[in-house]
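Trainee: Kindly generate the corresponding structure for this input.
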Amino acid sequence: MSQPAVVNFSSVPFSVELQEIESPQLDADSVLVQVQAVGVCGSDLHMWSGHQSWEVKYPMVLGHEFSGVITEVGERARGWNVGDRVVSETHAKIDENSPLSRRGLYNLDPNRGGYGAAVNGAMTHSVRVPARILHRMPDSLSFQYAALTEPCCVAYNATLVNSTISPGDRIVVQGPGPIGVLCAAMAKLAGAEVALVGLPRDEKRLNIAKAYGCDVIVGQPHEWAKEVDGLGADGVIDATGVSVALKTGLEIVRPAGWITKVGWGPQPLDFSLDQLVQKNVRLQGSFSHYWPIWERVIRLISTGQLDLAPVIGGEWKLADWKEAFETMQSGDIIKSVLLPQSGS
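Mentor: Presented below is the predicted three-dimensional model:
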């Protein structure tokens, strides 16, 4: 049996097309999930354009933000049934015996292999999923919203786990891409005053982000960061894809503040880090997510505490993947969602 899939077949830029692939085979510890919705991630766009800074195993089916329905259950995948509505984490391969995995930090396991880069992803009709990374969807949660659990978990980890936010803090989020917008939304949920910063080309996304009650800034955030007492923002979240954003973050954060970097920036730094020392600033990286974060985020979405309506900018059939990619790449919307079962 074969099925259509959005395949990245080469490192040459724009080497992505709809191809027929072999349907996945069940194993004892996994289930087969009929994909109902899959979000387009910024990393998918980077791999499409050949600008990613991580290794990709070609050819590769893209897509790691997905939800669906179980159609087959492996003999050791206990507790799951055909027809269950599920959403999946991205950690398709891990070493379950590594020290990090045993601590629950399997997202940091050096042997980790993610969907859409190391293991065929979900921009297709059916995908094999290890039972260990499945989460149940409440009946009230739509497949489209559930498919965006993964980027929400990235934002939750960066903003509410790896950062320190108290109600009344003033937080600057750099970069109005999907993760930046969701980080701003998470910081608002924590009770912070939030400024989301972008460039003139980001104006449409910034306007969408106003729905979360944050201030939006086109250009430099120095004035906003220092307007209360002149010392700077309590914290800065760097969700950009450019390394120079860290220089701005060091300029606008207050002494004894913090900077959390969640955006990938392959460019080398070309400035001094002396301000990091002089200001006694904590610099923290944030990568991916793990089990309890998923459970909390699913509750946030399903209860309406986190509204994803502003984030979803459109839905496309699998055959129209390129239009979905181009629309999101243009900056006119925040997230594109593919619906593989709506026809290809």
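Trainee: which ones are touching the closest residue to residue 329 other than its chain neighbours?
Mentor: The shortest distance from residue 329 to any non-neighbouring residue, by Cβ to Cβ, 6 or more residues apart in numbering, is to residue 45 (5.4 Å). Backbone N, C-alpha and C define where each C-beta goes, glycine included. Residues counted as contacts of residue 45 (Cβ atoms under 8 Å, 6 or more residues apart in numbering) are 325, 328, 329.
Trainee: Which of those residues ranks first by neighbour count?
Mentor: Neighbour counts for these, by other Cβ atoms under 10 Å, peak at residue 328, which reaches 24 neighbours.
Trainee: Could you give the backbone dihedrals for that residue?
Mentor: Residue 328 adopts backbone torsions of phi -70, psi -40, taken as degrees, to the nearest 10.
Trainee: mind listing what it touches?
Mentor: So residue 328 contacts 40, 45, 313, 334, 335, 336 (Cβ under 8 Å, 6+ apart).
Trainee: any idea how far residue 46 is from it?
Mentor: Going from residue 328 to residue 46 by Cβ to Cβ, to the nearest Å gives 12 Å.
Trainee: Residue 334 and residue 153, how far apart?
Mentor: For residue 334, the distance to residue 153 equals 16 Å [Cβ to Cβ].
Trainee: Could you do residue 230 as well?
Mentor: The value you get for residue 230 to residue 153, if Cβ to Cβ is used, is 36 Å.
Trainee: Between these two, tell me which one has more neighbours.
Mentor: Shown here are residue 230 and residue 153; by other Cβ under 10 Å, residue 153 has more neighbours (25 against 8).
Trainee: Doesn't that one belong to a helix?
Mentor: Yes. Applying DSSP: H, G, I helix; E, B strand; the rest coil, one finds residue 153 inside a helix.
Trainee: Assign a three-state SS to the residue nearest to residue 329, would you?
Mentor: Relying on three-state DSSP, one would call residue 45 helix.
Trainee: and this structure, what are its domains?
Mentor: 2-148+308-342, 153-285 (automatic domain parsing).
Trainee: Compile the ones you listed into JSON lines and extend it with columns for mean pLDDT.
Mentor: Below are those laid out as JSON lines (pLDDT from 0 to 100):
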{"stretch": "domain 2-148+308-342", "mean pLDDT": "96"}
{"stretch": "domain 153-285", "mean pLDDT": "96"}
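Trainee: And those domains: which comes nearest residue 292?
Mentor: Shortest separation from residue 292 across those is recorded for domain 2-148+308-342, at 8.0 Å, computed as Cβ to Cβ.
Trainee: still on that earlier bit, if we only consider the contacts of residue 45, which is nearest to residue 193?
Mentor: Closest to residue 193, out of all of the contacts of residue 45 and judged by Cβ to Cβ, is residue 328, at 28.6 Å.
Trainee: Let me know the pLDDT of residue 343.
Mentor: Looking at residue 343, its pLDDT stands at 68.
Trainee: so what's the residue lying closest to residue 265 once chain neighbours are set aside up against?
Mentor: Of all residues not flanking residue 265 in the chain, residue 243 sits nearest, at 3.7 Å (Cβ to Cβ, 6+ apart). By Cβ under 8 Å, 6+ apart, the contact set of residue 243 is 265, 266, 267, 268, 269.
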